[in-house]
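Colleague: Give me a model of this one.
(2 chains)
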Amino acid sequence: MRTTLKLILIATVVCGLYAFKSGNFEGIKGWSLAGSNPQNYNMGTEKNPERNSTVAFLKSKKDASGFGTIMQSFSANNYLGKRIKLTGTIKSSGVNSWAGMWLRVDGDNNRMLGFDNMQKRAIKGSTEWKQYSIVLDVPTESKSLNYGVLMDGQGSVWIDDFRFEVVTNDIETTGMILKK
Amino acid sequence: MLLVCSLYSFKTLKLDEVKSWFLAGSSPKNYEIGTENNTERTGKVAYLKSVKTGSGFGTIMQTFIPTSYLGKRVRLTGYIKSNKVNDWAGMWFRIDGENNAMLGFDNMQDRAIKGETPWTRYAIVLDIPIESKAIAYGVLLSGQGNVWLDDLKFEVVDKSMPLTGTSQGMLKEPTNTNFEDN
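Modeller: The predicted structure follows:
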């Protein structure tokens, strides 16, 4: 019960992300830095020798509190009525609270229709490059899909290769089900 | 830019000076708008003149619903002449979404009109996101001086025409998901 409450609380905070979009549009093409305290975090890209490619990072500045997230929104139009799977590859270092990939489905007026932020399977401390996934249904009344990687507290996360795919209904969803 | 964002709150009194246009800005009282015959252009032109000293800006503006432009790249062109502009002037074009969220904007501040300039055609090119609700546009004058404007026109242009300002329409699909595009 308490966990559910906490989840809903975090969800509510993430819902308000639009209000916190910072001026940092130039940072990474197509992406923005947001969160409850975006000013406490840096995002950018760097070459990663382990992946032999450019990856994104989200790093806390000194004494960061709250959470920061790298995020992107796109139209739900092409996914209406479908079950979708988001995968992303993430590495972490020194994450003192938790980090997670998140996906949120919004309807009219940013009403949340689906959400998962991996809080129940959070990334903590230092972890190697690993693929994570989230599976959610996109109701026919959905307007936008919003996703990214958030980090609560201090640490560094590196992110690469987000991918969306439509999956069949026998693949179980990972997030919460929100009834109207 | 922020000032222009809040133009709605400054809608004023002088609704009938120029049909379908109104005077707004941070200090509309310091400005006046009207029309007059201009021999260099055929027929009437509009003007925006400072009538008092003071800070802030005034603008002649209009808004409309962009139904026929949704999802398209649009160019606004207009002819402007200036005289004694001691700060700057510019044509501006703003796209608003739901709840007046700003989806696109250019006010020519990076290529401002200053001092005395002859009739010149200026252009602003923006993408109109499908979720746009209103287009607002006009000519603003910051500080003192006079500007005359004529033949403001919107047209749909090819996507190959470079944008002059920024638009933040919703992405259609996930974009730059491997962070290689920078």
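Colleague: How about the contacts made by B:Thr177?
Modeller: By Cβ atoms under 8 Å, 6 or more residues apart in numbering or on different chains, the contact set of B:Thr177 is A:161-163. No exception for glycine: its C-beta is placed from N, CA and C like everyone else's.
Colleague: Emit the ChimeraX select command for whichever of those are buried.
Modeller: Buried residues among the contacts of B:Thr177 (16 or more other Cβ atoms under 10 Å in any protein chain shown), as a ChimeraX selection:
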select /A:161,162
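Colleague: Turn the contacts of B:Thr177 into TSV, including distance to chain B, pLDDT and secondary structure.
Modeller: Shown next, in TSV, are the contacts of B:Thr177 (distance: Cβ to the nearest Cβ, whole Å; pLDDT from 0 to 100; DSSP: H, G, I helix; E, B strand; the rest coil):
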residue	distance to chain B	pLDDT	secondary structure
A:Asp161	5	95	strand
A:Phe162	4	96	strand
A:Arg163	6	96	strand
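Colleague: Let's have the contacts of B:Thr177 in a markdown table, adding distance to A:Pro49.
Modeller: Shown next, in a markdown table, are the contacts of B:Thr177 (distance: Cβ to Cβ, whole Å):
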| residue | distance to A:Pro49 |
| --- | --- |
| A:Asp161 | 16 |
| A:Phe162 | 21 |
| A:Arg163 | 22 |
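Colleague: which one of the contacts of B:Thr177 is nearest A:Asp137?
Modeller: A:Arg163 (17.8 Å; Cβ to Cβ).
Colleague: three-state assignment of the closest residue to that closest one other than its chain neighbours?
Modeller: Sequence neighbours aside, A:Thr87 is the residue nearest to A:Arg163 in space, at 5.0 Å (criterion: Cβ to Cβ, 6 or more residues apart in numbering or on different chains). Assigned with DSSP: H, G, I helix; E, B strand; the rest coil, A:Thr87 falls in the strand class.
Colleague: Let me know whether A:Thr87 touches A:Asp160 as I believe.
Modeller: No - assessed by Cβ atoms under 8 Å, A:Thr87 is found out of contact with A:Asp160, at 10.8 Å.
Colleague: who has more neighbours, these two?
Modeller: Neighbour count, other Cβ atoms under 10 Å in any protein chain shown: between A:Thr87 and A:Asp160, A:Asp160 has more, with 23 against 15.
Colleague: partner residues bridging that one?
Modeller: Using DSSP bridges, the bridge partners assigned to A:Asp160 are A:Thr89.
Colleague: Report pLDDT for it.
Modeller: Predicted confidence (pLDDT) for A:Asp160: 96.
Colleague: So which bits of chain A are right by chain B?
Modeller: Neighbours of chain B within chain A, by Cβ under 8 Å from any Cβ of the partner chain: A:25, A:28-31, A:45, A:53-56, A:72-75, A:77-78, A:144, A:147, A:159-164.
Colleague: So, low pLDDT: which residues of chain B?
Modeller: Residue ranges of chain B with pLDDT under 70: B:1-16, B:99-101, B:166-169, B:182.
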